[in-house]
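**Q** Quick one, what's the 3D model for this:
(2 chains)
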Amino acid sequence: KQEVTQIPAALSVPEGENLVLNCSFTDSAIYNLQWFRQDPGKGLTSLLLIQSSQREQTSGRLNASLDKSSGRSTLYIAASQPGDSATYLCAVSLGSGGATNKLIFGTGTLLAVQP
Amino acid sequence: GAVVSQHPSWVICKSGTSVKIECRSLDFQATTMFWYRQFPKQSLMLMATSNEGSKATYEQGVEKDKFLINHASLTLSTLTVTSAHPEDSSFYICSAPPGGAMADTQYFGPGTRLTVL
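**A** Residues are numbered from 1 along each chain as shown, chains lettered A, B, ... in the order given. The predicted structure is shown next:
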């Protein structure tokens, strides 16, 4: 059974700091891995999607890496801002299309960026 | 980008009543939709996979007779929580992959907050 874990569970940093969020999964047979952002009481916003054949993806101040063989992914946030404060979730997909597209979510990291 | 809506955004009901939550893909067709549940300060847990025109597939531990799923059209899936109890209070979120070239992408609804008194 695939299990996804995120470390740390919570993180508080001063504005401007670079930070790394970690995600690990127990079964390396994934199709892709995604990072999401969730604001309190809200739905999910997709940040980055990494296919299993890729090593990293970048979008603005965000960079996500994937080491499928070791079952790890990291989300790097550069020059953090108070607006980055949210819960960050990673999720793995077992396949593409239909029922295999279901996502297994990690436990989440609650990020607070202090002004 | 593709949009998925949910209705209602929040609902409060008495114990023993049934509540229906709708998930709609507004600008694309979705043969498959997923329903997740999120308890306070916890992550999302997949409840079931909704399949258009056929029965839903439920995850282990999810009661299919309590959480009724109907995917009657390519743009609408409904989740009905039957005889709701306080322990069913949660945040319910649906998602849908557009399919085709966008098959790897999933779009999430804004969620429905259910509170059972």
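**Q** For burial, what's the neighbour tally of residue 49?
**A** Chain wasn't specified; assuming chain A. A:Leu49 has 19 neighbouring residues, counting by other CB atoms under 10 Å in any protein chain shown. Yep, even glycine has a C-beta here, placed from its N, CA and C like the rest.
**Q** hmm, I had chain B in mind actually
**A** By other CB under 10 Å, neighbour count at B:Thr49 equals 21.
**Q** Could you do B:Leu26 as well?
**A** 10.
**Q** contacting residues around it?
**A** B:2-5, B:75 (CB atoms under 8 Å, 6 or more residues apart in numbering or on different chains).
**Q** what does chain A put close to chain B?
**A** A:31-32, A:34, A:36, A:41-44, A:46, A:49, A:51, A:89, A:91, A:93, A:96-99, A:101-108 (CB under 8 Å from any CB of the partner chain).
**Q** quick one: which of the contacts of B:Leu26 sit in strands?
**A** Those of those mapping onto strands are B:4-5, per DSSP state E.
**Q** circling back to that earlier point, in PyMOL, how would I select just the buried ones from the residues of chain A next to chain B?
**A** Applying 16 or more other CB atoms under 10 Å in any protein chain shown to the residues of chain A next to chain B leaves a buried subset, and the PyMOL line that selects it is:
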select buried, chain A and resi 31+32+34+36+43+44+46+49+51+89+91+93+101+102+103+104+105+106+107+108
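**Q** gap between the residue nearest the centre of chain B and chain A?
**A** With distances taken as CA atoms, centre = their mean, B:Trp35 lies nearest the centre of chain B, 3.6 Å away. As judged by CB to the nearest CB, to the nearest Å, B:Trp35 and chain A stand 10 Å apart.
**Q** do B:Glu59 as well
**A** Look at B:Glu59 and chain A: by CB to the nearest CB, they are 9 Å apart.
**Q** That residue touches B:Arg37, doesn't it?
**A** No: using CB atoms under 8 Å, B:Glu59 is not in contact with B:Arg37, being 9.9 Å away.
**Q** any residues in contact with both of those two?
**A** B:45, B:47.
**Q** Neighbour count: these two, which is higher?
**A** B:Arg37 (21 against 14).
**Q** contacting residues around the helix or strand of chain B with the lowest mean pLDDT?
**A** Sorted by mean pLDDT, DSSP states H and E, the helices and strands of chain B end with strand B:107-108, the least confident at a mean of 90. Applying CB under 8 Å, 6+ apart, the external contacts of strand B:107-108 come out as A:36, A:43-44, A:46, B:1-4, B:25, B:93-98.
**Q** Take the residues of chain A next to chain B and keep only those in strands.
**A** A:32, A:34, A:36, A:44, A:46, A:49, A:51, A:89, A:91, A:93, A:103-105.
**Q** Tell me which two in the residues you listed are the farthest apart.
**A** A:Leu44 and A:Gln51 (19.2 Å; CB to CB).
**Q** can you map out the helices along chain B?
**A** Secondary structure of chain B (DSSP state H): no helices located.
**Q** For it, which residues are neighbours of chain A?
**A** B:6, B:31-32, B:34, B:36, B:42-46, B:49, B:51, B:57, B:91, B:93, B:95, B:97, B:99, B:103-111, B:113.
**Q** I'm done for today, thanks for sticking with me.
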